[in-house]
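Asks: sharing a sequence plus its predicted fold:
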Amino acid sequence: MNAAPASATMQARASRPLDVEALRREFPVLSRQVNGRPLCYLDSAASSQRPQFVIDAISHYYETTHANVHRGVHTLSQEATDLFEGARETLRRFINARSTREVIFVRGTTEAINLVAQSYARPRLQPGNEILISWLEHHANIVPWQMVCEQTGAVLKVIPITRSGEVDFEAFESLLSERTRLLALSHVSNALGTIVPVERYIREARRRGIPVLLDGAQAAPHMPVDVQALDCDFYCFSGHKMCGPTGIGVLYGRESLLAAMPPWQGGGDMILAVSFKGTIYNELPYKFEAGTPHIAGAIGLGAAVDYLESIGLERIAAAEQDLLDYATQRLATIPGLTLVGTAPAKAAVVSFTVDGMHPHDLGTILDHEGVAIRTGHHCAMPVMEFFGLPATARASFAFYNTRAEVDRLVDALQVAREMLG
């Protein structure tokens with residue numbers, strides 16, 4: 001049973017040229033007005049918008065099939081279970097995991113990283129052991145490791161970055177030692193857009209027997225991800241950044257590691273039998289899915305993957321690269337504007353400052369022009385510290401954006417310059 005069967009048009013369009021205007025009509029929010037102007041949404045790195053296809057999949061479940069999953073013998077429960085587990089298989093295929101046993105539904109990237117920190121790392125770490133992360137990381141890939149280091153006596157080591165916003169590979173090599181127990185890296189930086197060549201880092205870590213976790217929150221929506229080809233041990237991503245619902249995400253874990261890890265939370269679906277003498281835990285992946293899961297979220301995320309694949313991840317990456325190139329060119333014409341993060345390999349993210357203007361003031365004026373961008377430290381305060389900045393303005397693009405919206409961004413920035421002198 002399908003929550004919202006894909007239309008023949010959607011199924012066939014991956015072979016046709018990308019029609020952005022047609023795609024935009026599939027996103028209801030993109031037709032709204034903000035402050036009397038058409039919405040120009042340039043904040044997809046924080047959270048993407050949802051197409052009607054995903055909204056319909058969630059609504060269809062609630063309207064026709066809602067029931068709790070697993071163990072129910074009645075029709076609705078069996079249908080809901082089929083939809084839920086069908087979504088898991090969709091996610092398995094999306095990242096090319098070996099088995100659905102390796103696909104754990106979580107609330108998002110943050111919960112996935114915390115799960116690995118507490119269930120994988122904490123029981124294994126000893127005082128003096130080391131965890132490696134980079135200076136590029138989102139707070140969600142910093143704080144859980146700080147916490148587990150406090151709990152175990154392990155030490156957090158940080159790989160420096162360059163002024164262009166790239167992770168320093170030579171410095172990484174020099175930090176590796178017999179004490180290194182885990183490498184945790186962002187696949188793509190949320191603050192700067194840097195695409196980290198994680199394959200190089202994984203190869204070096206694998207050669208030394210060091211497990212690797214990748215924060216894929218900013219990568220999974222924008223490029224093909226193959227966890228077997230990457231050869232990583234854990235991969236994490238969130239639904240709301242890839243046209244799916246909030247409150248749902250995926251932890252991929254190598255089955256041999258997940259099988260050896262203790263549960264992180266107790267109750268509900270993570271058990272097979274409970275007595276006051278002890279509990280027998282469920283098999284993978286349910287061992288890590290305590291309580292009633294976010295059923296509608298999983299179904300919506302599966303629909304979002306179907307939607308993205310109907311467009312084609314390669315075509316999405318090409319369209320967004322075109323927007324990035326065009327935006328970089330146009331922003332260079334604004335006096336006093338400095339791009340922050342100029343790595344040669346970037347996702348469609350431009351962080352910048354404008355002389356004499358606080359990013360929050362910029363964001364407020366742009367909002368009056370109907371242009372939505374993100375301002376602040378982007379949950380990456382160490383990155384701001386490295387560049388000596390309190391904050392940046394960040395415009396982030398998705399396949400549903402257009403060059404005309406880049407022009408609107410530039411025009412709105414010119415308005416801000418005139419207003420703020």
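Replies: Great, that's in hand. Residues are numbered from 1 along each chain as shown.
Asks: what ranges do the strands span in the stretch 101-250 of the chain?
Replies: Taking DSSP state E, counting those that start in this stretch as the criterion, the stretch 101-250 of the chain carries its strands at 103-106, 130-134, 155-159, 180-186, 212-215, 234-238, 249-253.
Asks: format these as JSON lines; extra columns: mean neighbour count and distance to residue 76.
Replies: From N, CA and C alone the C-beta is placed, and that goes for glycine too. Written out in JSON lines, the entries for those read as follows (neighbours: other Cβ atoms under 10 Å; distance: least, Cβ to Cβ, whole Å):
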{"stretch": "strand 103-106", "mean neighbour count": "25", "distance to residue 76": "20"}
{"stretch": "strand 130-134", "mean neighbour count": "24", "distance to residue 76": "44"}
{"stretch": "strand 155-159", "mean neighbour count": "18", "distance to residue 76": "47"}
{"stretch": "strand 180-186", "mean neighbour count": "24", "distance to residue 76": "40"}
{"stretch": "strand 212-215", "mean neighbour count": "27", "distance to residue 76": "36"}
{"stretch": "strand 234-238", "mean neighbour count": "29", "distance to residue 76": "28"}
{"stretch": "strand 249-253", "mean neighbour count": "29", "distance to residue 76": "25"}
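Asks: for residue 172, see how far away residue 231 is.
Replies: The span separating residue 231 from residue 172 equals 17 Å under the rule Cβ to Cβ, to the nearest Å.
Asks: do the same with residue 304
Replies: Distance, residue 304 to residue 172, using Cβ to Cβ: 33 Å.
Asks: look at these two and report which has more neighbours.
Replies: Under the criterion of other Cβ atoms under 10 Å, the comparison of residue 304 against residue 172 puts residue 304 first, with 29 against 20.
Asks: quick one, the longest helix belonging to the chain and strand 249-253 angle?
Replies: For the chain, the helix that runs over the most residues, judged by DSSP state H, is helix 75-95. Regarding helix 75-95 and strand 249-253, their directions subtend 60 degrees when assessed with axes from the mean of the first three to the mean of the last three Cα atoms, to 10 degrees.
Asks: okay, the residue lying closest to residue 221 once chain neighbours are set aside: pLDDT?
Replies: Computed as Cβ to Cβ, 6 or more residues apart in numbering, the closest residue to residue 221 that is not its neighbour in sequence is residue 242, at 3.6 Å. Confidence at residue 242, expressed as pLDDT, is 98.
Asks: and what of residue 77?
Replies: With respect to pLDDT, residue 77 has a value of 96.
Asks: without its sequence neighbours, what residue ends up closest to it?
Replies: Taking Cβ to Cβ, 6+ apart, and ignoring the residues beside it in sequence, residue 77 has residue 67 as its nearest neighbour in space, at 4.3 Å.
Asks: surely the one you found touches residue 83?
Replies: No - Residue 67 sits out of contact with residue 83 when judged by Cβ atoms under 8 Å, with a separation of 10.2 Å.
Asks: more neighbours: which of the two?
Replies: For residue 67 versus residue 83, the count of surrounding residues by other Cβ under 10 Å is larger for residue 83: 23 against 15.
Asks: I'd like the distance between that one and residue 301.
Replies: Taking Cβ to Cβ as the measure, residue 83 falls 12 Å from residue 301.
Asks: if we can go back for a sec, so can I have a markdown table of the strands of the stretch 101-250 of the chain showing mean pLDDT?
Replies: A markdown table is the format used below for those (pLDDT from 0 to 100):
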| stretch | mean pLDDT |
| --- | --- |
| strand 103-106 | 98 |
| strand 130-134 | 98 |
| strand 155-159 | 98 |
| strand 180-186 | 98 |
| strand 212-215 | 98 |
| strand 234-238 | 98 |
| strand 249-253 | 98 |
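Asks: so which of the ones you listed gets nearest residue 394?
Replies: Set against residue 394 and scored by Cβ to Cβ, the strands of the stretch 101-250 of the chain come closest in strand 180-186, at 15.2 Å.
Asks: by contact count, what packs against that closest one?
Replies: Judged by 3 or more Cβ pairs under 8 Å, 6 or more residues apart in numbering; DSSP states H and E, strand 180-186 is in contact with strand 130-134, helix 198-207, strand 212-215.
Asks: dump those to TSV, plus distance to residue 389.
Replies: Written out in TSV, the entries for the helices and strands packed on strand 180-186 read as follows (distance: least, Cβ to Cβ, whole Å):
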stretch	distance to residue 389
strand 130-134	18
helix 198-207	26
strand 212-215	22
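Asks: and of those, who's closest to residue 182?
Replies: The closest approach between residue 182 and any of those, judged by Cβ to Cβ, belongs to strand 130-134 at 4.8 Å.
Asks: by how many degrees do the closest one and strand 180-186 diverge?
Replies: In terms of direction (the same axes, to 10 degrees), strand 130-134 departs from strand 180-186 by 20 degrees.
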